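[1] Any chance you can model this:
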Amino acid sequence: MRVLLCLSGLALLWLVVFAGPHKDKGKKHDHKDGHEKKGDHQNHDHHQHHDHHHDHHKVSDSNTKFAFDLYRQVAADHPEDNIALSPISISTALAFVSLGAKNKTHDQILEGIGFNISETREKEIHDAFHHLLDELNADDRELQLDSGNGLFIGQTWKILNDFLEKAKNYRSEAFTVNFEDNEEVKEQINSYTEKKTRGKLVDVLSSVDKQAALILVNFMCFRGLWEKPFDPQQTKEGDFHVNKNLTVKLPFMTRTGNYKVAELDEAIVVSVPYKGNASAIFILPKEDKMKEVERNLEDIMQTY
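    Sure, this is the predicted structure:
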């Protein structure tokens with residue numbers, strides 16, 4: 001099957017969000033092309049301590065629900081726009097912030113990212129995020145992912161040492177800044193983000209409010225190699241439909257090969273493996289089936 005895909009490294013950021021039990025749906029075609037990657041992520045987890053495995057799936061289940069809820073809300077607010085988001089970035093950042101919150105605010109943050117705090121101990125939540133981030137940022141992975149958070153807090157607030165220690169588990173840092181000198185703070189945050197993303201994100205902030213109490217910056221810098229590389233000579237310009245009324249010309253990577261494909265009633269789902277235990281999963285809605293795809297996202301993703 002030949003599939004034209006406009007590909008993005010952002011796809012990896014859904015990897016852990018959608019880890020979980022699978023179930024069959026529709027017709028599934030398993031084109032191996034000399035490799036089998038589907039079970040690598042689960043097999044790796046089986047070698048971990050049982051508690052890590054259990055906590056990992058708690059975070060996975062909560063992130064899954066949060067991701068779908070967030071996407072549907074953003075899509076409803078922007079029905080004619082293209083959407084790119086990283087649910088795992090947002091849930092990690094909010095879980096990190098919850099370390100410094102108390103009482104109702106603390107509970108609302110964790111409930112907002114999908115956790116039932118009456119059923120899940122807070123330590124389990126943070127341990128699972130710690131394990132997840134260590135796994136994604138491991139130096140020996142073929143996939144390179146640098147992630148973390150920078151929390152910039154107004155100088156009227158004192159940052160407790162206990163919070164700074166816990167922040168390390170989130171690969172995060174906290175800084176005291178003077179928001180009255182908003183131009184200096186803007187430069188500090190932009191410089192921090194540029195350094196952490198190896199120059200990929202420049203000038204993320206155009207301004208900073210002098211009345212701000214804190215600013216949280218989450219960063220993810222991903223680099224991965226396709227298991228079956230795309231030939232740059234095959235990159236061709238094609239039509240990209242921004243919406244029903246706007247079409248623009250963009251370069252499309254093109255490759256003919258064998259991939260895992262699931263043909264469902266509302267979409268075709270294609271898994272494109274990276275080197276390492278991860279794949280980018282692309283959902284290609286059939287004509288006039290976008291609404292059905294959005295309604296059935298959970299079932300579609302469980303196809304893989």
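
[2] Kindly confirm my reading that residue 156 is in a strand.
    No - under the criterion used here (DSSP: H, G, I helix; E, B strand; the rest coil), residue 156 is coil, not part of a strand.

[3] which residues of the protein fall in strands?
    For the chain, the strands defined by DSSP state E occupy 27-30, 144-154, 172-177, 214-223, 236-241, 247-252, 260-263, 267-273, 279-285.

[4] so how far is residue 244 from the residue nearest to residue 220 when sequence neighbours are not counted?
    Excluding the flanking residues, the one nearest residue 220 by Cβ to Cβ, 6 or more residues apart in numbering is residue 147, at 4.5 Å. Where you see a C-beta, it was placed from the backbone N, CA and C, and this is true even at glycine. Taking Cβ to Cβ, to the nearest Å as the measure, residue 147 falls 36 Å from residue 244.

[5] ditto for residue 303
    28 Å.

[6] more neighbours, these two?
    Each of residue 303 and residue 244 has its neighbours counted (other Cβ atoms under 10 Å); residue 303 has more, 20 against 7.

[7] do you know how far the residue nearest to that one when sequence neighbours are not counted is from residue 209?
    Distance criterion Cβ to Cβ, 6+ apart; nearest residue to residue 303, sequence neighbours excluded, is residue 262 at 4.6 Å. Counting by Cβ to Cβ, the separation of residue 262 from residue 209 is 47 Å.

[8] Comparing the two, which residue is more hemmed in?
    residue 262 (21 against 10).

[9] rewinding a little: could you dump the strands of the chain to TSV with mean pLDDT and distance to residue 73?
    Listed next are the strands of the chain as TSV, based on pLDDT from 0 to 100; distance: least, Cβ to Cβ, whole Å:
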stretch	mean pLDDT	distance to residue 73
strand 27-30	45	30
strand 144-154	89	22
strand 172-177	94	26
strand 214-223	89	19
strand 236-241	92	23
strand 247-252	95	27
strand 260-263	93	26
strand 267-273	93	21
strand 279-285	91	19
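
[10] who wins for proximity to residue 78 among those?
    Residue 78 sits nearest to strand 236-241 of all those, at 16.0 Å, using Cβ to Cβ.

[11] With only the CA atoms kept, save the closest one in PDB.
    Output in PDB follows, covering the C-alpha atoms of strand 236-241 (Å, rounded to 0.1, in the frame of the first residue of the first chain):
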ATOM      1  CA  LYS A 236       7.900  15.800  -3.900                       C
ATOM      2  CA  GLU A 237       5.700  18.900  -3.600                       C
ATOM      3  CA  GLY A 238       2.100  18.200  -3.200                       C
ATOM      4  CA  ASP A 239      -1.200  19.800  -2.100                       C
ATOM      5  CA  PHE A 240      -1.800  20.200   1.600                       C
ATOM      6  CA  HIS A 241      -5.400  21.100   2.500                       C
END
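
[12] got the contact list for the residue lying closest to residue 170 once chain neighbours are set aside?
    Leaving aside its chain neighbours, residue 170 sits nearest to residue 96 (4.3 Å; criterion: Cβ to Cβ, 6+ apart). For residue 96, the contact set (Cβ atoms under 8 Å, 6 or more residues apart in numbering) comprises 129, 149, 151, 167, 170, 172, 216.

[13] among the residues you listed, which ones are buried?
    129, 149, 151, 167, 170, 172 (16 or more other Cβ atoms under 10 Å).

[14] Looking at those, which two lie furthest apart in space?
    129 and 151 (15.3 Å).

[15] From the contacts of residue 96, pick the one nearest residue 80.
    Distance to residue 80, by Cβ to Cβ, is smallest for residue 216 among the contacts of residue 96, at 29.1 Å.

[16] From residue 115, how far out is the closest residue to residue 83 other than its chain neighbours?
    In space, and not counting its chain neighbours, residue 83 is closest to residue 74: 5.6 Å by Cβ to Cβ, 6+ apart. Distance of residue 74 to residue 115, given as Cβ to Cβ: 20 Å.
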